[in-house]
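Enquirer: using only what follows, build the 3D model:
(2 chains)
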Amino acid sequence: MFSTVRWRVIWITLLVLLCGWALVPKEDDQGNRIPSLQLGLDLQGGMHLAVEVDDSDAPPDMDLDDAVERTLTTIRNRIDQFGVREPNIQRAGDRIIVELAGVQDPERAKAIVNQTAFMEFKIVTDGSAFVNALERIDRAIVNAVGVDQLRPTQLETEVDLGEVLGAQDSAPQAVSADTTAADTTAGDTAAVDPPPGAPGAQDSAAGAQDSARGQDTAAGVPGQQGSELRPLSALLRPGRIDGEFLVATQDQPTVAEWLELPEVEEAIPNGIALHWGVEDVAAGGTTFVPLYVLDAEPLITGEHLADAGPANRDPTYNQPIVPFETTRRGARLFERGTARHVQDNMAIVLDERVQSYAVIRGILSRNAQIELTPGSSFQEAQDLALVLRAGALPMPIRIVSEFTVGASLGEDSIRQGRTAFLVGIVAVVLLMIGYYRLAGALAVGALAIYVILILGGLAGLQATLTLPGIAGLILSIGMAVDANVLIFERIREELDAGKTPRTAVDAGFANALSAIVDANLTTLITGVILFQFGTGPVQGFAVTLCLGILASFFSALYVTRTFFMIYLNRRASSESVSI
Amino acid sequence: MRLFQNANFSFLAVRRRAYIISGALIAIGLGSIALHGGLNAGVEFTGGTLLHVRLAEQPTVAELRDLVSAAGVTGVQIQPLRSGGGETTGEYLLRLPLVDEEAGLEGVGPRVQSALEQEFGAEGVERLRLEGIGPRVGSELRNKAVFALLLSFLLTLIYLAFRFEWRFGFAAVIATIHDIAVTFGFISLFNVEISLATVAAILTIVGYSLNDTIVVFDRVRENLKKKRKESYEDTLDRSINETLPRTVLTSSTTLVALVALFVLGGTVIRPFALVLILGIVIGTYSSIFVASPALLEIHRQARRRQAGPAHATG
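Expert: Prediction:
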């Protein structure tokens, strides 16, 4: 099945089609085009940071592993905020690697990564203060941005509010005093109130939100009159709980920009602070980013947290819980603060972003715990514990290496690499055809298949193409013909020895094999080592080198052989071969 | 077309001359390394900051150096980059030493950049690349690179020992060491920076040179099996001559592709391409003039020992 000419042609065609298919650009769920070849940071521009926990001031018994995990959580949280498409943040030993493609402002990105985590617990207000101020805020936006800039935003997609609300799940969790802890001071146990956001709670929502719901979607909020522009109101949807509003994901950057305008900040009432949430909310086929109206004053901050976690399970109800402990001073502040807000929601804010919120079931003190909604996974609890720990025990970090490439250099590299690649191929083709005539042309055909295989292989493996990778590609073109050359020289020798073309070709392939295998395997060893020990760009080089060797194996031994078989089958066995 | 058909050169007869050439190349290289006070290790290995900028005004190196020192950064190395045709490009590589290990990396690059922007205007300065490597990462990368070089060496040796007789493996190793030594010499002569990419290039050369050597040795092994009545030296010469067309053609196609990369590939890739070009020329030379003579010497040495002390002539 592998050796007849027909099957060989079928196998080759299939493989080429497969690789060709891998090279066709695809689209993701959102209809964005995904390029078939992933470009490394050095080609598309961007930055690479290696970050370490700065443990110079840390106590000697610090758990470094835990510190790195916490820092990873903090950095992930911040980079999400930075709005880079597909950031790559991963842990490598005790280091954290941050890769941001196409970052325009590396200094700002660095500054964001470099901050120390800051956590606050803040009360979620009922939102009325914000709703009452909306008219003023809208006017401030219109004045600051200008009417002409705003018109298009009035034509936003209409969302069926009933659908939005119907699709919401209930508020996920509650926070209560930890009854299992030894020095519990607050006696309140977990209450059984319906969590806000559940159907019953929605009915009793603040009047401001009720009327908002009653409005036409395009208008969004009460008080919309005739042609008056209400840019912000028009984009807000009521959320799952009081004090939560939803902004469609595509509108979020615009709204965030407006809210940072000085005129708008002035229009926002003093006692409240607006914070975005980290988790998207999906409803009615659209995703939304939640915007929370919180008390400006935090109940406590990260410095009042003594420790948090690890996540465990409630002994009675078996749902995941995350315990946390405050400092002595924190306990006093916490008691005073929560006493006024029993049954209100408390938001956990890390680096300005709401990570989670929970209903306060009673006065909280030194030891408290967050109960996750029944049915939540243990993983969610562990993530929350990590967030709390990140805020409780912030670690200073230091950047140990950085690598930034401007987009223009990347473009230059791609353009120049492409030219060099094409010129290199043309030169090799001319050399081969000039030297081996028809057999050279067969080898060039095999080389063309080789190029498709290697590019398709890169795309299929989702390997990253780097600048040294392009160099590896060009180098491998030169080396790919080596196997062909070994075979052709061997065939010539066999012909010189007086063999008929057919036996000479067979003997040529057979006798050249050992040299080809030995030579390629040694290079393959080098490639594998480079891949193992190299970083970023060098790994890209190693990948193209290894793929190149495998593809050249196949193209020389199988494809060229098949071409020869076809060529020899078409002519009388006595004729000479063009080699 | 056929080149070197029935070639019959006596390569081994001139091996002493080749030894002299190789010895001279290595001596020149070592001399150059000594003169430069060691190899020109890049910031990846030493720690420090590399700033790659394009300046519209194309100042001289001395002018740039004054600017950088005025910004309070001393010990800068400045290298203007040239295009494949040798014209100036307005691109410069600035290597800035670690100013303060405690302060880390931040600051040095931006400080120099803003000094440049003050002089040439924000539009006149385009930052193309910035690499900052802390001292610890630098020494880690250095160790990794050395380890990778040694490991690849060891593994190929094991492979050769497995596939060939020990004499072949030994001769191939001598040729490879020769290649690395000469390549490092040229790297020093051309003042190419040793970066991770350069190390990758050197490893590739090791692979390529072994590849070349193996093709010849494979033929030697085959010819030895045929048990012709000819001396070991003649068998080696015959094998080199038989594989000569392949050696020349493959080296040519590879070199052609690499020259295209060197000339057209841009300033970042040029040093990498240069090292590969040098390495492939050296590797081709060594597979003919170093590996096979080494094999002959090893063979003779072994024969002498086998013949026993009674027949030893010294």
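Enquirer: which ones are touching the most centrally placed residue in chain B?
Expert: The centre of chain B sits closest to B:Thr183, judged by C-alpha atoms, centre = their mean, with a distance of 3.9 Å. The contact partners of B:Thr183, by C-beta atoms under 8 Å, 6 or more residues apart in numbering or on different chains, come to B:Ile202, B:Ile205, B:Val275, B:Leu278, B:Gly279, B:Ile282. Quick note: C-beta positions are derived from backbone N, CA and C, even for glycine.
Enquirer: specify the residue ranges that define each domain of chain B.
Expert: Chain B breaks down by automatic domain parsing into domains covering B:12-40+B:138-302, B:48-133.
Enquirer: just those domains: most buried one?
Expert: domain B:12-40+B:138-302 (a mean of 20; mean count of other C-beta atoms under 10 Å in any protein chain shown).
Enquirer: the helices in the stretch 101-250 of chain B, which residues?
Expert: B:108-120, B:135-163, B:166-189, B:196-225, B:232-264 (DSSP state H, counting those that start in this stretch).
Enquirer: equivalent analysis for the stretch 101-250 of chain A, please.
Expert: A:106-114, A:128-145, A:147-150, A:161-166, A:199-203, A:207-214, A:231-235.
Enquirer: buried set for the shortest one?
Expert: Spelled out, it's helix A:147-150. A:Leu150 (16 or more other C-beta atoms under 10 Å in any protein chain shown).
Enquirer: likewise for stretch A:238-246?
Expert: The neighbour-count check on stretch A:238-246 (16+ other C-beta under 10 Å) flags A:Pro238, A:Gly239, A:Arg240, A:Ile241, A:Asp242, A:Gly243, A:Glu244, A:Phe245, A:Leu246 as buried.
Enquirer: swap in stretch A:84-95?
Expert: Buried residues in stretch A:84-95, counted by 16+ other C-beta under 10 Å: A:Val84, A:Pro87, A:Ile89, A:Arg95.
Enquirer: distance of the first one from A:Glu52?
Expert: Meaning A:Val84. To A:Glu52, A:Val84 is 21 Å away according to C-beta to C-beta, to the nearest Å.
Enquirer: what does the stretch 201-314 of chain B put close to chain A?
Expert: B:203-204, B:206-208, B:210-212, B:214-215, B:218-219, B:222, B:242-243, B:245-246, B:249-250, B:252-258, B:260-261, B:263-266, B:268-269, B:272-273, B:276 (C-beta under 8 Å from any C-beta of the partner chain).
Enquirer: 6 Å instead, please
Expert: B:203, B:207, B:210-211, B:214-215, B:218, B:245-246, B:249-250, B:253-254, B:256-257, B:260-261, B:264-266, B:269, B:272 (C-beta under 6 Å from any C-beta of the partner chain).
Enquirer: what about the nearest residue to the residue nearest to the centre of chain B once chain neighbours are set aside, which SS state?
Expert: With C-beta to C-beta, 6 or more residues apart in numbering or on different chains as the criterion, B:Thr183 has its nearest non-adjacent residue at 5.2 Å, and that residue is B:Gly279. At B:Gly279, secondary structure determined by DSSP: H, G, I helix; E, B strand; the rest coil is helix.
Enquirer: ranking the helices of the stretch 101-250 of chain A by mean pLDDT, which is last?
Expert: In terms of mean pLDDT, the lowest-scoring of the helices of the stretch 101-250 of chain A is helix A:199-203 (a mean of 35).
Enquirer: check what pLDDT the residue nearest to B:Ser287 when sequence neighbours are not counted gets.
Expert: Nearest residue to B:Ser287, sequence neighbours excluded (C-beta to C-beta, 6+ apart): B:Asp212, at 3.8 Å. Note on B:Asp212: pLDDT of 88.
Enquirer: please tell me how far the residue lying closest to B:Lys144 once chain neighbours are set aside sits from B:Leu141.
Expert: Spatial nearest neighbour of B:Lys144, chain neighbours left out: A:Phe533 (5.2 Å); criterion: C-beta to C-beta, 6+ apart. Using C-beta to C-beta, A:Phe533 is found at 10 Å from B:Leu141.
Enquirer: find the closest residue to chain B in the stretch 201-350 of chain A.
Expert: In the stretch 201-350 of chain A, the residue that lies nearest chain B is A:Leu350 (23.4 Å; C-beta to the nearest C-beta).
Enquirer: try the stretch 251-400 of chain A
Expert: A:Val400 (4.1 Å).
Enquirer: got the angle between the helix or strand encompassing that residue and helix A:106-114?
Expert: Assigned by DSSP states H and E, A:Val400 belongs to strand A:397-405. Relative orientation of strand A:397-405 versus helix A:106-114 (axes from the mean of the first three to the mean of the last three C-alpha atoms, to 10 degrees): 150 degrees.
Enquirer: direction included, what does strand A:397-405 pair up with?
Expert: Here strand A:397-405 is paired, per DSSP bridges, with strand A:46-53 (antiparallel), strand B:125-133 (antiparallel).
Enquirer: can you redo those strands as TSV with mean pLDDT?
Expert: Shown next, in TSV, are these (pLDDT from 0 to 100):
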stretch	mean pLDDT
strand A:46-53	87
strand B:125-133	87
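Enquirer: any chance of those in JSON lines with distance to B:Leu149 as columns?
Expert: Below are these laid out as JSON lines (distance: least, C-beta to C-beta, whole Å):
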{"stretch": "strand A:46-53", "distance to B:Leu149": "23"}
{"stretch": "strand B:125-133", "distance to B:Leu149": "19"}
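Enquirer: domain ranges for chain A?
Expert: A:5-37+A:406-569, A:46-111+A:399-403, A:119-221+A:228-374.
Enquirer: burial-wise, tell me which of the ones you listed comes out on top.
Expert: The highest average neighbour count among these, using mean count of other C-beta under 10 Å, belongs to domain A:5-37+A:406-569 at a mean of 20.
Enquirer: now the end-to-end length of that domain.
Expert: For domain A:5-37+A:406-569, the first-to-last residue distance is 9 Å (C-alpha to C-alpha, to the nearest Å).
Enquirer: same question for it, mean pLDDT?
Expert: 85.
Enquirer: distance from that domain to the middle of the chain?
Expert: Its chain's average C-alpha position is 32 Å from that of domain A:5-37+A:406-569, according to C-alpha atoms, centre = their mean, to the nearest Å.
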